[in-house]
Structures are given as C-alpha cells and as structure tokens.
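**Q** show me the folded form of this:
(2 chains)
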Protein chains: 2
Amino acid sequence: MSKLPLISIDSSGCGQSRVKLTSPTKLPNATGFLWNRAMVMQVNCRGYVNSQFMQPEPAKYSHAPNMEAKSFIQPEHSYFSHHPGRFFYLKDEESGEIISLPYEPMRVELDKFSFELGNSDITWSIEHSGLKISIKVNLTKDDLVECWFFSLCNLAETTRNISIYPYFSIGYMSWMNQSANYNEVLNAIIADSVTPYQKVDDYFKNQQLKDKTFFVSDTVPTAWHTNQKVFEGEGGLHQPSALQAERLGNVEARYETPVAVMQFKQKLLPNERKTYQFLFGPAKDEAEIAAIKVKYLGHQQRNATEVSYEKYIADGKACLRINSDNVAFDCLFNHWLPRQMFYHGDVNRLSTDPQTRNYIQDNMGMAFIDAKVTRQAYILAVSQQSISGAMPEGVLLHESAELKYINQVPHADHGVWLPICLAVYLNETADISLLSEMISFADSKEKQLFSKHIELALDYLINATDDRGLSFIEQGDWCDPMNMVGYQGKGISTWLSLATAYALTCWCDLCDEYGVTITCQKYDEYRCAAQAINLAVNENLWHGQWFARGITDEGRVFGTDKDLEGKIFLNPQSWAMLSGAANEQQKVAIITAITRELTTPQGVMMLAPSYTSMVEDIGRITQKHPGVSENGSVYNHAVIFYVYALYQARENNLAFDLLSKMLPSLENAEVTGQLPIYVPNYYRGAYHQFPKQAGRSSHLFNTGTISWLYRCLVEELCGLKGCANGLKISPKMPTRLNKLSGQRLFRGAIINFDIELVSNIVSEEILLDRRVIVGNVLKNLQAGQSYQLKVRVPPHA
Amino acid sequence: MSKLPLISIDSSGCGQSRVKLTSPTKLPNATGFLWNRAMVMQVNCRGYVNSQFMQPEPAKYSHAPNMEAKSFIQPEHSYFSHHPGRFFYLKDEESGEIISLPYEPMRVELDKFSFELGNSDITWSIEHSGLKISIKVNLTKDDLVECWFFSLCNLAETTRNISIYPYFSIGYMSWMNQSANYNEVLNAIIADSVTPYQKVDDYFKNQQLKDKTFFVSDTVPTAWHTNQKVFEGEGGLHQPSALQAERLGNVEARYETPVAVMQFKQKLLPNERKTYQFLFGPAKDEAEIAAIKVKYLGHQQRNATEVSYEKYIADGKACLRINSDNVAFDCLFNHWLPRQMFYHGDVNRLSTDPQTRNYIQDNMGMAFIDAKVTRQAYILAVSQQSISGAMPEGVLLHESAELKYINQVPHADHGVWLPICLAVYLNETADISLLSEMISFADSKEKQLFSKHIELALDYLINATDDRGLSFIEQGDWCDPMNMVGYQGKGISTWLSLATAYALTCWCDLCDEYGVTITCQKYDEYRCAAQAINLAVNENLWHGQWFARGITDEGRVFGTDKDLEGKIFLNPQSWAMLSGAANEQQKVAIITAITRELTTPQGVMMLAPSYTSMVEDIGRITQKHPGVSENGSVYNHAVIFYVYALYQARENNLAFDLLSKMLPSLENAEVTGQLPIYVPNYYRGAYHQFPKQAGRSSHLFNTGTISWLYRCLVEELCGLKGCANGLKISPKMPTRLNKLSGQRLFRGAIINFDIELVSNIVSEEILLDRRVIVGNVLKNLQAGQSYQLKVRVPPHA
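**A** Take a look at the predicted model:
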C-alpha cells in the first residue's frame, strides 16, 4: 500500500467534514455511523455492518449466522468472519483472481484503500490491479433502506472482463420460517421469514412486523445466489466455492440461511466506468419494496436522496462554530460532536424507553440544536412523573413501549436531572413559559405547573434520605450497577446526596435568574436543605483527602483509602465541587488525589483500583471486568462532570487538558482504535492493572457525555452563556490556547467572536461591534442581526 | 482420499456398534452425541460441537463468537467457521505446512479420514503426510467434563518435528466480564466470566453458576494463547496469524473473546507415537478444576473413566435383541435406538420442565430398559395433576424449575397419554401395585389412588367437549403450533377426540386385563363415552375419503379435500384406526388416501400440501416453513402412530415398510444427511412442493418417536408382548422378512426366539423349549431362566 497518512481530516468551510482511514488493518474496529429516526447502521472499515431498525422495538434485517440474543447495545463489539456485512467480491474473468471489497472476507491486500466518513455518507475508495472502485452508502431521511452505490473504473489500457458479486448478509432470520429467492419483477433478492413466537397474542402483535429483507439492484444480474451455505461451499467465505463457476447457480434458500448475492458480468473498456445502485433493508411485503424501489432507485432519485439525507443530518447543526487553528479539534466540535448530539436528541438512542437520566441529559444537548425538541421532551418526562414526585426509570416514547432491561431496577437519582439540565434550555431560550405549562402525572390526571413538578421531584429527593440527611441509593444511582450498596433500604450514596444538593442549588439559582414563581419558604427550605446535605456529607464522608463513595446497608463507608480496590471514586469529588460541599482546601486535596490516583493518558478513571472480584455490599459494578464500563474505565460521562466542575472552580488549564484528552484524535487513534468522529462512552481504564488494554475505545457512540461536553465548550471554554437578560461573556481560556474565534448563534442573533488570551491585563475586556461593554452581559441582542464580538481575557480568568 | 465406503457399520456381538463415516464433506452435518445426566454434546464430523450442561437450567461453556440467544433446541442446526468446535492445528516445523483436524477450520483434504461413532465414544482416525492421528472424546458418568485423547504417530522413516495446537472454542461468554489466562499450577487455560444479569435477586440465584471454562492438559505446553481475535489475526481461522510464529505468544484475553489454544512442540522419531490428554468443561472455581484433574487426568484414570462411562451407556440396554440378517437394521434396533431411548428416559432431554406428553411417552420407552424409572416418572407426573383432573403442561423435575417456552401455552391433550402409555409399563412388569399408590395433587394435599388420578384425567377429557361431544383444542393438542383453531374456546380437534376415545378404551382394556378396581358404572361410562366420541367424529368429520383435522372456532371444518393446503392430515386417520372410529371400509379408504397424498420415499408426511401462508383460523403451524416440522414434514412421531395403527389393523407389510423407511440407513444417508445412529424428529416433507430439500434430516435426536418405534418392534413386529399372565406371542411378520431371531428379556426370564414366516400354514405354531404351546400366551416363565422359543407364523397373521 502506498504511504498515505493513516488518518486524515478534510474540512470544508460549509459545515462538512470527512475523515479518511487508509488501512483496513491498523484500526480493524474503526466504524462510522449513519442513522435516521427509524434506523441506524454502524459501518466497520472492513465491510462489517451492525444495523437495526425500529418497529417500534429494535429489530434486524441483517443477522449473524446463528440465533442472536436480543440485547441492549454492548461495548467493544467483536467481529468475526460470518458477522453481518456488505461485501463485494470481484473476479477477473481472465486471470481468475478474486478479491473482496472493501476488505473482508478475503482480506486481500489492496493497492489503495480509503475508508471515508462524511457527515451523511460512508465511502470506500479503492484501487487494485488497474481498477478503481468506489463504494458508498447513505441512508434516507425517513425510510428503512440502505442506499448503496458501487462504481468500477478500468484504469488500464486494456479491456477487462470482470464479475462483480455484491454479498449482503441476511443471516439466521428465524427458526419458524426463513427462505430467499430472486424476484424477477422487482429485480430483487427477497428473503422471507416469520419472527418466532409461541403465544397467540404475539401473532397479533407481530402482524405489522417487517419480516422480509430485500436487496434490489438497478441492473439485471447475470445470475444470483441466496443460499449462504451453498454459496460458501467448502471454499469458505474467504474463497467461496460458488465463485469458481462461470455463473452463480441461481440457488434459492428454503429453511436455509439466506444471503443476497448477485453476479454482474461486466466488460470494461480502457477508462470505462460502470456504476451500480443497490437498495437493502427490511419490508413488510412486496408492495413496500416496490415503493422503495420507485422512490430511491435511479440516478435522479439517488441525487435527491443524498441531498435530503444530507439536509436531515445538517439539521443537527448546533449553536457554535469555532476556529482554534487546530483542524481536528475544530472538526470535532463543529461537525462531529453536534452530529452525535443530534443523534442522541433526535432519535433517543433508538430506544422506546430511554433511561430518564439519559433522556433528560440528551435533550439538554438538543437545546443547543433545536430547543423546541428539548421543551417537548421535558414536558413528556414530567408527564410520566408519579404524583409522589418520583421520576420514572425510563421515559416511554411509544404507547406500546415497556420498561426493559436496566429500567426494571429501581434507581434513586432520576429526580436530580431536570433541575440541573433545565438551565441549558433556559439559558439558550429564556423561555420561562415552559415553567407555567400545566402537566398531569403518570398516576394522576391532576395537572400541575411544570415548576411544581420540579419541586415535587426535589421534595421527593429531600425525603429520600436517612437520619443523617444522606440520600438512600436503593439499587443504584447514576451508577447503574452499584446495586447492592443499599438494596436493603439503608445504604446511602455520597454522589446522590451531593447531586441532590446541587439540584436544589441549581433550581434556586434558576429561580433567582429567571424570576420563577416560588414561595420564600420553599426557596429558603431548598437553600437550607442543600447546605444541610453538604454538611452531612462533610461530617460523614470526608476521609482526609477525598470524599467516600457511600455507606452500605451495614454501615460500612467505602471508597476511602482503607479500601484496596475502589479506593477513590471520581463522581463524589466532582459533585462536591459542584454542590459546594468542598471548600477551597478540600478542592485542592481532591484535585491532587484525582491527579495522583485516577489520571491516565486517555483521561481520568471513574474509580481506582478497579475491582477484581465481587464485593457483596457494593454489587454488580465489582463483577464487571476491571477497567471496563463503570468498573474503573475512563468513563467519559463521569470525566465530563469533573471537567464541568473544574470549570466552575476556574481550573481552566486542567479542565481543558482533560477535555482534550477525551477527544478521539489522529494522535491517539492507534491506542483508542477509533476514528475521531465521536466520543465513545469509555476508554479502557485499570491503567495500572491492565496497561496493555488501557485507552481502548468502547466504540459505543451512545453516551451522556456529549451534551455536557458541548455545554463545557459553549458555556465554559468559550464562555458564551445565556442568561435572563442576554448573553454572558466569560471565556475560560487555558494557557495553551491563546486564540479562539468563531460564531455563536444565540436567540436568533449571530455573534462572530474573537477571544484572545492576553497576559498583561487583569480583567476581561469586551467589545461588541467595536464598542466597549460594561459588565459582561450582552443585552438587547436582536434576532437576525450579526455582531462582532472581541474578548480579551487575562490568564486564569 | 482412498476409496473406502462412505459409511460402514461394525457390530460386535457384545452390545457394541460403531458407525464410520469416511468423508468430512459428503455429509457435512453428520453428528454423533454423548451425554450423561448433567450434560450433552453433539459432535459434528468436521470438529464442530454443540454442548450444554444443566445447572439446573441448560448452560454453555463453549459459545459462539457473538451473544447467542437462549432457546430450546432447533432443527437443522447450521454451522459456520466460528461455530464452537474442538480443533487441532498441526504444523510441520520443517516444511511449514499447517493442517487442521479433524477437518475444520482449514478444510485441508486429508489422506485418510474416518469419523467413528461408538456407543460411548466419538473418534476420528486420520492419516496425512505420513502421520497417523487419532482423536477421541468421551464423557464421564457423572461429571461436567469432556475427556479428549489425542495421539500422533510418525509413520515415516524420518524424524518429524511437529507442533500440535489444540484450539477449543470458548467464545463470547458475557458482556459483564470475560477473560482467560494460563494457570501454571493446574497446567490449564481457565476462562472466567460472570453470567450477565441486572436484578439483585439474580445475583443470589447465580451464585452457584459454573462461570469458568477450563482446558486442562496432561502435558506442559511449549506456549499458549487465549485471545481469539489476536490468535486468528489477519490470517483468519483458516490460516491463523499466530501459527506463523515459532511459538505462540502466551497472550491472555481481557474482556476479549477467549479461546483455549496450547502449543506442543514435539519431535517424533520414526514410528514413534505420542499421546495427549485434555479435559474441557465448565467449573465454578479452581478447586473444582483441580478435583476434576485428579479424577480424570492420567492413563489409569482415563481407562477407568472409559469403562465407567461405557457401563453407564450400557445401562441403556433394552429388553430385546434381534437378528434379522440385516446388520444395519439389527444394529439400529440392538444398539442405537435403545441408546436414544435411554437418553430420553434417563435425562428427559436435559430439560427441567419436559412437556407432559413427552415425559410420559419417553418414560413409556424406559419401561423396556428399566421399568422402575417409568414407575417413578408416572407417579411424579400425576402428583403434578390438578385436582380438577387436568394434567400439567410440563412436569417440573427440579424444585426451582419453571414452565418455559411452549409450556406457557395451554394444550388440551396432556390427559390422554398416561392411560395410553401405561399399558407398556404393565405389560413389561405386571406391577399393578402402581395403580394403588396414593398420590397427592399439584393443588391439593388430598391423596388419591394412582388409578383414580387416571380416571380424573379421563373425566376431565370427557368434560372438555362441546355439544357434539368433540374435544376442544384450546391452543393446541399433540400438534403444538395448531394454536388458533380453538383459542376462542369453541374449536375442536378430531385427533384429540379420537385420542380421548382411544385413551378410554385403553384404560378399560387395562382394567379388563389387569383386574384394576373400577366400578361397573364407571367402566360402562367409559366404554359408552368412547363409542359416543367415535360416533360424533364420524358424524361431523368423515369427509368421504378421510377424516378432517378439526373444526375451527367459526365452525369451519378443515383438513378435507375442499382445502388447497392442509387437505389431509395423518394423525386423525391413524387414531381413527386406533380408536375404532374407522370401520373396515373406512380403513381401506384412509390407507389409500394416505398412500396417494402423503407418501414420500422417506416416509409419510404429517399433512399435505404444506401450508405456504398464514391461515388465521389454524395458526402458527401454517407459518412454519413448508415441509419443516409440523407443517408437513415426515414427522416421525406422527408416522410411528400410523405404523402402530397399521399393526393394530394387521397391515403388517405396510407397517414394516414405513417403519423401515423411517430408519436412517447407509442407503439414504446422502439424502437425509445423517448417520444411522438415531431417528430424527423429522425428515423434510413438502415432497411435491420442494423436492430438492425433501428427505433431509432435522438432525434433532429429541423425539417422541423412539418409544413407539421400540414398542412396535417388541409388541408388534416380534409380537412378544406382556400381558397379565405371561408373554403373548403374536408376531406380525411382513412378507419381505421371513426370519427373525433374537433374545427377549421378560420379567427376568430370558427367551431366545426364532420366528419364521411359513407360507403353507394357517395359524401360528408356538414351541417353547420344543413343547407345543396351546393358545399364544407363555405362562409361568421363571425369572433367571432361559427358554427357547420357536414361532411359525402364517402370512398375514
């Protein structure tokens, strides 16, 4: 292979970015992802694909070769040769040479390889033996279909005879019924199945399921094959027996594992280029396939689709564009993180019952993109609150949705998120009308003000405390698998106590800032309660250098230096800084301890040392693999809380340092194994225990991290934060970043800004359209108008 | 490869049989199976293995590479390259040539290949490039461990340097925690995992789970590898990258898919032979592994284990040995079918909640092997009866067992089986004491006679009928997926009506034969009820040439020549013959129709034509793939009912013809795809619709067929059937079998018999120890004594 840089980033000014990977083997797990409101596909650089759609629960149309478990999405997904994929075999009819593209399953070294992730497409550009191949996939804005485009160009001086064989996995669909055949009318391979069930009720529930998988081509194939086992033969996927023959055998699958393979025999003159379009996806019946075909097959249709899908993704444009002279950094913040944030907010992780905490935080991010969505989401969330004040485990988005998996376990923290996250919505919009919406409850038709819902949630939290005033943890808090600290009803959570104090403070601050109607008595009660909690935490949980993580049902304080494993947890420290429980001395001690005990090259671990065996009064977290997920990974959601807390403490350098470490980059790609197009939910931790795996990405792009990361960028680093009467300017520039410019969209106004770190000044200097601003709030900004903002910031502002 | 016969059968006189397959590619799905009371392994000729153990629910220790669904066992299991297996890579250190044994995953053509299934072992004998390799596996009588023996012999004149690499799949164990490492003390690779769960209660339930997988060797390895992905590398399983190095890298797996690979560098002098022992299985902790190692590793231990496991399997010896001059036929009946019958009866299909109908029928077979087991099983079954008379959906064998899968759907037939199957127990033992056992109920502590339990079941059945006296089908009868005929409470089942009549008749016949205490009133009531049902069936369901299958909730009669699909069903015809509903004329019509509509080279289809789309008033059966399972396969359980009915009608030739077609044989192996060591639950049907797949075996050895097949052999073909006062002699020899000899064990007596078909006599002639017997019952047979029985039978006896 030619010596191109392993990864490169192209950025156009117009809101597009492309990331290119030039090897299929260096980052074998590298993926990109495309989605719309009904489906998502994660595409691996080697041609493997994970895809699912909603009907309304997640379902598959391209399966593994065995009966797969239904599960929530898992980290560090593993690929194997029969993993679902979209492959293209190419046979040179003269030499007999066969290769597979983009790389799997034959794994032939290619002359040139490039895996390119755009905002709304994923493309491979390949050259091999005088052929230039381009493979591109995008989705559509609304439908359940993968749109594939394949082009082949003869670079040589001679005519070439090539057979092209797209091989699209369909896999083990159903033990009840699975088959596949070629449909001449539709020029499609159609696989049929019946979703397995046993109870009569399920027959009626399943009637609308899309149990067919189709593969439509714009070109009539020379021949076709739908029988995976027969196609593969003794040759194996890496040298399928069926490709030895001149023509595929037109073989159907009859209660046999289906696959979609077509053969296109193609003569290519010198410099001739041929193109093919393929559509792949699930459908209920042939009429649906026919409609999809009409809508999406053809060059005009393809162009229209690309434009409309690009536009859909572009809807995820957020309120800030920056220019820091670091292309990779800017690309992430200008393109990829808003895109990831939009994914979370627009489709709610393609779940019908997102966890309440995720739903509220994901929608906090959406306030930076489209605050109307946030408003609706927050109203929906409180409409599912109990009249007792308890927030639900998950928010049901569909009338037939049910609480599943972890949402069947009681967690104590769901009430804290709305008071905390609401600030972003109000900061972006100043829409206090939300607070006076009248909304009913899950268990009562009584309607109450939105603000009353928040107070009920806070009251519920205040009451869910023990004699000392510490919050019961039940079977978990933000940390789901910390499920046995308090399952007997006594154990408490330091983090949740602090989060409660912080939520109370946030709410009182919002009341102050936005003039929310609240009785003085209630206001004072909340301020006092927050102080009392901070005091109680200090009395019971400060252990010399940091805060413990909690107290078990049996009264054991854990997360202190008495513990050999799980000695220090990140969250209680971050939130003690946020809640005000930590005084200045304690902050110094905490930051020192975290730096010493938790820091790794990829960020800060969530706890250390990772547990290596079950601790029965802590729970399931201790059974997870050391360094993975909550058991001491660099769990970015926890890291970003810490970063946010550091910003509140004006630890600008450390905050920026950790924020930067969190970002996937060209430099850390070979450690993380992923491309710089999303922030994963974790990097492996247990850095001292298992250094070899440390830093590896989970490759999971579902994470509560993003909205907080973006909040840190907008409100903290750039310091362009909304308030009741305007935009408050307070950048928190780190020493190593002395200039930052960009554009902030705020309540309809367009603010072009230049921020400069200046060493010889002592206080911020703000110029708006060359006029000096007194104070640091830009008032009376007019929607539709553009402004020039210049900010000069002293170090350690 | 040398030209050996594809399959051969060796039979020693002493109760052993071996079946050999000499190609890994001709019957790629051919398997054998080994089991004990705690585990089962199905071993494919190419090295793939399906294995599971009970703790007490089924669990795995060798997984696929992705998260597999938990399911009941599925037909036509499909293999793929990363399917769990036990492979051995062999590298010639001089030439660098690498092969894999027994065949997968490299699929190199071997000089000689033989896959050999013994009663208690599975062995491959292979020769390649001057090396002779033997690979053997057996289980132990009681423990959870696969015992592997590998021997390598240098046939050449030169010294060979070989590396041997056993590769045992461990696979995707858990998303919570999975890892693997080499344990020097145990000389073992040990993979650790935590069975995934989310609820606290499950932590306590899971505490005893065996979450480790071990691979112990008797030889210290040169090097080892436990990381599947790294081992495979870019080379793929067919050419693993790790084998390119001189030594494996001693690589651990840390939240990575584990595998057990060891390398043994071995110098082999001319004619030198080296042997290795490996133990593979699940364990809770290292102490368990250490104990297993002490117990089973070492040559002495191996020999002892083989003997004890052989003895365990030999416990499955049944009451009959035959000699028909057809070695394959005799081997099946003397070795393989008793073995399969023993598997069903001894371990109840490794389920904790066998369906009641399966449990009762499987234990009917056990009466031919060890009637004490049958007795206990029947007592257990009725102890779970409701006081209403309803038999349960499944029999719970373990205190923590629950009704799962299909057992959560209400079926109407569970009451018929005990009165029908009890006859075999009584015929074999004459133990009428069973009938006076006092037994309580699932929902009442009240105790009632065993015979009263049967009457309650019959009364319940009699009452579960409509105005016409036809049996409601609820959500299914024997045919599980016929679930929408009567789910609204009105639809009826012809088969169940007839089965009820037959059960009533069987019970009255038993009362007559064994002098069971029953009131005259009850007796008459049952006889009348049976007649009434037969009459009602004739009035409502006879449709000119055959009986319909039922009447739907809406009153539609189905299974008649008005239907385009599902025109004729086998079961109503067979059971009309059994119940007496069919008169002589009808029998002729029925047999003619079955022969015309349902017969295929592999037997009789369960229905025809197979449904090709959903019929909403019939149900799930119509959604299964045509020709598969209940939707018109040659479903052997239904076929054997027909054969049994034919024997009752003295259709000896047709009965024997169909019985023979059911048996897997050397002749049909390339159609069925399986070896002649078990009768599968079905062969593909839909013979006229999908001829290409027709005849293919399901490869499922769980089937209710076996006990009836054996009953047909003992009581009908050989006609050596127990009765109240002795052994009734009434062979039903087909014209094409004119001699049959063998040994019948009966109530402790040993009867060596010779049966001869003689054309010029008109009635049976019976000689016992050369004395003429008057009548056809051998009375006063003494336990422990041997007898010589000679029977001369006229044609069409």
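**Q** would you list every one of the strands in the stretch 101-250 of chain A?
**A** Using DSSP state E, counting those that start in this stretch, the strands found in the stretch 101-250 of chain A span residues A:112-117, A:122-128, A:131-138, A:146-154, A:160-169, A:178-183, A:188-193, A:212-217, A:223-227.
**Q** the last one - contacts with which helices or strands?
**A** Contacts defined by 3 or more C-beta pairs under 8 Å, 6 or more residues apart in numbering or on different chains; DSSP states H and E place strand A:223-227 against strand A:178-183, strand A:188-193, strand A:258-268. Glycine gets a C-beta too; all of them are placed from N, C-alpha and C.
**Q** and the longest one with strand A:188-193, angle?
**A** Taking axes from the mean of the first three to the mean of the last three C-alpha atoms, to 10 degrees, one finds strand A:258-268 and strand A:188-193 inclined to each other by 170 degrees.
**Q** run me through the strand neighbours of the next helix-or-strand element following strand A:258-268, direction for each.
**A** Scanning forward in sequence from strand A:258-268 by DSSP states H and E, the next helix or strand is strand A:273-283. Sheet pairing of strand A:273-283 (DSSP bridges) gives strand A:146-154 (antiparallel), strand A:212-217 (antiparallel).
**Q** of the helices and strands packed on strand A:223-227, which is nearest A:Leu397?
**A** Among the helices and strands packed on strand A:223-227, strand A:188-193 comes nearest to A:Leu397, with 26.6 Å by C-beta to C-beta.
**Q** quick one: that closest one near chain B?
**A** No: Strand A:188-193 is not in contact with chain B by C-beta under 8 Å from any C-beta of the partner chain; minimum separation 9.1 Å.
**Q** need the strands of the stretch 101-250 of chain A in a markdown table with mean neighbour count, mean pLDDT and distance to A:Arg468, can you?
**A** Listed next are the strands of the stretch 101-250 of chain A as a markdown table, based on neighbours: other C-beta atoms under 10 Å in any protein chain shown; pLDDT from 0 to 100; distance: least, C-beta to C-beta, whole Å:
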| stretch | mean neighbour count | mean pLDDT | distance to A:Arg468 |
| --- | --- | --- | --- |
| strand A:112-117 | 22 | 96 | 51 |
| strand A:122-128 | 21 | 97 | 54 |
| strand A:131-138 | 20 | 98 | 57 |
| strand A:146-154 | 21 | 98 | 56 |
| strand A:160-169 | 22 | 98 | 57 |
| strand A:178-183 | 22 | 98 | 60 |
| strand A:188-193 | 25 | 98 | 58 |
| strand A:212-217 | 26 | 98 | 58 |
| strand A:223-227 | 24 | 98 | 67 |
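**Q** measure A:Asn725 to chain B for me?
**A** Look at A:Asn725 and chain B: by C-beta to the nearest C-beta, to the nearest Å, they are 47 Å apart.
**Q** enumerate every residue touching that residue.
**A** Residues in contact with A:Asn725, defined by C-beta atoms under 8 Å, 6 or more residues apart in numbering or on different chains, are A:Val777, A:Lys779.
**Q** please redo it, this time with the cut-off set to 6 Å
**A** By C-beta atoms under 6 Å, 6 or more residues apart in numbering or on different chains, A:Asn725 lies in contact with A:Lys779.
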